[in-house]
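Trainee: what's the 3D shape of this:
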Amino acid sequence: MATEGASTFPEAAVDQALNPSLNKEFEVDPVSSDIATSKEIQQEQEEAARKKEREKQDAMQKLKTTILVSAIIVAVAGAAFAITKKLREK
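Mentor: Model (predicted):
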């Protein structure tokens, strides 16, 4: 009833079915792969943005600290000059 070249099922890959560890050809779902790749890229961008923000905050903190230390040094120097001036007047 069935003809030779007509609709026949393709042969099954018995070795691949019985030994999945020997199958080195993996089929990748392109949609899942694209989603995973886009998530990785998004995470890298977010990490870069956080790092940049942290660096900016560190720079601001250094500037604030420098200004505060300079103000304290100027205040101490001014107090020292005022005290020496008062002592010279007496």
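
Trainee: so I41, which of the three states?
Mentor: Of the three states, I41 takes helix under DSSP: H, G, I helix; E, B strand; the rest coil.

Trainee: what's the neighbour count on it?
Mentor: Using other C-beta atoms under 10 Å, I41 has 10 neighbouring residues. Every C-beta, even on glycine, is put in place using the N, C-alpha and C of the backbone.

Trainee: could you do K52 as well?
Mentor: Neighbourhood size, K52 [other C-beta under 10 Å]: 10.

Trainee: in the protein, which ranges drop under the pLDDT threshold?
Mentor: The chain contains residues with pLDDT under 70 at 1-6, 13, 16, 23, 26, 28.

Trainee: quick one, phi psi at E11?
Mentor: phi -70, psi 140 (degrees, to the nearest 10).

Trainee: name the element the residue nearest the centre of the chain belongs to?
Mentor: Nearest to the mean C-alpha position of the chain, by C-alpha atoms, centre = their mean, lies E47 at 2.5 Å. With secondary structure defined by DSSP states H and E, E47 is part of helix 30-89.

Trainee: quick check: I35 vs F81, distance?
Mentor: Taking C-beta to C-beta, to the nearest Å as the criterion, I35 is separated from F81 by 69 Å.

Trainee: typed the wrong thing, it's V69
Mentor: Using C-beta to C-beta, one obtains 19 Å as the distance from V69 to F81.

Trainee: E89 now?
Mentor: 13 Å.

Trainee: report how many residues lie close to S21.
Mentor: Counted with other C-beta under 10 Å, the neighbours of S21 add up to 5.

Trainee: apologies, that question was intended for K56.
Mentor: Around K56 there are 10 other residues, counting by other C-beta under 10 Å.
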